[in-house]
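1. below are the sequence and a predicted model; questions follow.
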Amino acid sequence: MKGVMRKARGHQRPRHLVILACLGLLLLVTGAAAADEPIKIGAIFALSGKAKNSNQPAVLGVQLAVEEINSEGGVLGNPLELLLFDNESTPIGSHLAAEKAAQEGVTGIIGASWSSHSLAIAKVAQERKIPMISPISTIPSLTAIGDYIFRVCYTDTLQGAILAQFAYRDLKARSALIFIDISSDFSLDIAQIFKTNFTALGGTVSREIEYKTGQSDYSLQIRQALADTSDVVFLAGYDESGFIAAKLQEAGAGAIPIGSDGWDADSFFTLGGNKIRLGYYVNHWSPAHEDPLSRAFSEKYGKDGEIKAPTALAYDAVNILVAAIRLAESPDHEAVRRSLAGLRGFKGVTGEIAFDARGDAVKSACIVEIRDGIPRHRKCYNQQQP
């Protein structure tokens, strides 16, 4: 019996070799699981509420980018998992959505669209040290929140200056009326920037008319505008500006309506922009741009209708985040942040993107002309300042 036992032991492997073999197998198993584990990206936009319609183009851009990246093999051997959070069209909803994204362990956050929403998200992202890229929030104070906050669009500093220059030099306007949504950080900010630049050129702002997004009756504001004889009326808002512009025109106002990138939404035109006889707005990108990447994007995704600038910007935002993950060779928050800060010469659909020391993209801007309700590319400014 003892001999049998000794024989059995003689055929056993030394204990340390067995342990090493088990550890090796465990590493292989866990390594395979890690390779298949998705890299989570959070996207925070308005999926309900008053901002829903104007946010839809950006949501589409994020979805297109994630689908395309996954079809090409994902990132670092892992698929991307898109977690889409509804900010319910409010700053507090944006804050809560950002907290949820952090709890889900996202590598980065894409969003939001409206500046007041992005400001709320950025505070959470900076505190939790999660890289955030806003596709289209232009308020200058956004990236001042911290070094984890970036954007792929230009800022209000640029578009406000360009719009003032275009109104004064191209339209020969010498007086301007401004409609300001006092419930919007974006509207308050861009209105002041336009005013500062327009008056510096020699123009005058005759009056500022206040309103709040979502109000059902603009008759008081329309009457106030009709008493004014300015050359242009700057509607410093989002898609509600289409409704206001149409009402001003119906009432007989002679001022040419002008606006910012907040006009680039289908809802702007359905609310009244499609009735504008003549108007102009600043935009980040035009499907008519001749860049090869831009043309290829429009041909691939613009078959069912015109692609809006927020779609192209959100698509670029996802791709630049993925480029940073690849450069870092890791989804680690700090490593990705460093990659984003140092990224240079990224060629996106909306142009070449590099972030400055604040996290702002150095970008060009375009003027779009609306004639008989149809938007057409007019010209682009290719410098940081006009």
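-> Right, received. Where do you want to start? A quick note: this is a predicted structure, and the numbers were derived from the prediction, not measured.

2. rest of the way, CA atoms for contacts and neighbours
-> Noted.

3. am I right that Glu81 sits in a strand?
-> Yes: using DSSP: H, G, I helix; E, B strand; the rest coil, the assignment for Glu81 is a strand.

4. secondary structure class for the residue nearest to it when sequence neighbours are not counted?
-> Leaving out its chain neighbours, the residue that sits closest to Glu81 by CA to CA, 6 or more residues apart in numbering is Lys40, at 4.7 Å. Following three-state DSSP, we place Lys40 in the strand state.

5. who touches the host helix or strand of Val59?
-> Secondary structure from DSSP states H and E places Val59 in helix 52-71. Residues outside helix 52-71 that contact it (CA atoms under 8 Å, 6 or more residues apart in numbering) are 43, 45-47, 75, 79-82, 89, 110, 113, 135, 238-239, 265-268, 307-319.

6. got it, and stretch 190-204?
-> 139, 156-157, 160-161, 163-165, 168, 173-176, 178, 180, 205, 234, 236.

7. give me the mean pLDDT for that stretch.
-> The average pLDDT within stretch 190-204 is 98.

8. could you dump that stretch to PDB, C-alpha only?
-> What follows is stretch 190-204, C-alpha atoms only, in PDB (Å, rounded to 0.1, in the frame of the first residue of the first chain):
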ATOM      1  CA  ILE A 190     -23.000  85.700 -27.700                       C
ATOM      2  CA  ALA A 191     -25.200  88.800 -27.600                       C
ATOM      3  CA  GLN A 192     -22.500  90.700 -25.500                       C
ATOM      4  CA  ILE A 193     -19.700  89.500 -27.800                       C
ATOM      5  CA  PHE A 194     -21.500  90.600 -30.900                       C
ATOM      6  CA  LYS A 195     -22.400  94.000 -29.300                       C
ATOM      7  CA  THR A 196     -18.800  94.600 -28.300                       C
ATOM      8  CA  ASN A 197     -17.400  93.800 -31.700                       C
ATOM      9  CA  PHE A 198     -20.100  95.600 -33.700                       C
ATOM     10  CA  THR A 199     -19.700  98.800 -31.800                       C
ATOM     11  CA  ALA A 200     -15.900  98.600 -32.000                       C
ATOM     12  CA  LEU A 201     -16.300  98.600 -35.800                       C
ATOM     13  CA  GLY A 202     -18.400 101.800 -35.600                       C
ATOM     14  CA  GLY A 203     -21.900 100.300 -35.500                       C
ATOM     15  CA  THR A 204     -24.600 101.000 -32.800                       C
END
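
9. buried stuff in it?
-> 190-199, 203-204 (16 or more other CA atoms under 10 Å).

10. for Lys50, which residues are in contact?
-> Contacts of Lys50 (CA under 8 Å, 6+ apart): 89, 214.

11. ok, now with 6 Å
-> Lys50 makes no contacts at all, as judged by CA atoms under 6 Å, 6 or more residues apart in numbering.

12. do you know the pLDDT at Val232?
-> Per the predicted model, pLDDT is 98 at Val232.

13. contacts only, for it.
-> 176, 255-257.

14. just the ones of those in strands?
-> Using DSSP state E, the members of these that fall in strands are 176, 256-257.

15. I'd like these as JSON lines, with neighbour count, pLDDT and distance to Asp360 appended.
-> Below are the ones in strands among the contacts of Val232 laid out as JSON lines (neighbours: other CA atoms under 10 Å; pLDDT from 0 to 100; distance: CA to CA, whole Å):
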{"residue": "Ala176", "neighbour count": "29", "pLDDT": "98", "distance to Asp360": "29"}
{"residue": "Ile256", "neighbour count": "23", "pLDDT": "98", "distance to Asp360": "31"}
{"residue": "Pro257", "neighbour count": "28", "pLDDT": "98", "distance to Asp360": "29"}
